[in-house]
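Visitor: model the following, please.
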Amino acid sequence: MEFISRSAEQTRRLGMRLGAYLRTGDLICLVGELGSGKTTLVKGVAAGWGSLDQASSPSYVLVNVYRHPGGGVLYHLDAYRLSGAAEAYDLDLAAMLEGGPLVVEWAERIQAAFPGECLNVAFEHVDEDQRDMVFTAHGQRYLELLAGLKRQVYGVA
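Guide: Residues are numbered from 1 along each chain as shown. The predicted structure is shown next:
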């Protein structure tokens, strides 16, 4: 699925719709250049998932944890400063996936550390306001998630 966002607010709203579908064990891999909208999407994902915590870039702390008022957590990992899968394994990604959904920025840097199934979102910075996002589902769970998101966004499956 391709989505062209014409503003940060539109990107955040799309993230809210995506976040509403997330459940424990879900893995969302974000790929794109600096400033392409990854963190903006995550802000919406956290809000749509139900967190009251303010989402922000975890560049310097590596992982942010957002709490849901009803219990549960959403993990937000920034892999920009990681040198590869070995460092990602040290963060215990399996425990994060067992504890809640996991959203990873700069996922391409640690791709070998992930299970084969995920929702991949590739961002392209088109101009100051416009971003192109391509969503690719890997696995049945993510095909279903993407179909639900497509219905929400476009009104079709």
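
Visitor: hey, let's count contacts and neighbours off CA atoms from now on
Guide: Noted.

Visitor: buried sites along the lowest-mean-pLDDT helix or strand in the chain?
Guide: In the chain, the helix or strand scored least confidently by mean pLDDT, DSSP states H and E is helix 85-90, which has a mean of 83. For helix 85-90, a neighbour-count test (16 or more other Cα atoms under 10 Å) marks 85, 88 as buried.

Visitor: in the sheet, who's paired with Thr136?
Guide: Asn120 (DSSP bridges).

Visitor: my guess is it contacts Asn120. True?
Guide: Yes: assessed by Cα atoms under 8 Å, Thr136 is found in contact with Asn120 at 5.1 Å.

Visitor: burial of Tyr154, as a residue count?
Guide: 10 (other Cα atoms under 10 Å).

Visitor: and for Arg23?
Guide: 17.

Visitor: thinking again about what came up before, between Thr136 and Asn120, who's got more neighbours?
Guide: Taking neighbours as other Cα under 10 Å, Thr136 and Asn120 compare with Asn120 leading, 22 against 17.

Visitor: which parts of this protein are strands?
Guide: Remark: strands assigned in the chain by DSSP state E are 2-5, 27-31, 63-67, 73-78, 102-105, 118-125, 131-138.

Visitor: which one of those strands lies nearest to Gly155?
Guide: Nearest to Gly155, of all the strands of the chain, is strand 2-5, at 13.4 Å by Cα to Cα.

Visitor: ok so, going back, residues touching the least confident helix or strand of the chain, excluding its own?
Guide: The contact list for helix 85-90 (Cα atoms under 8 Å, 6 or more residues apart in numbering) reads 79, 82, 109-113.
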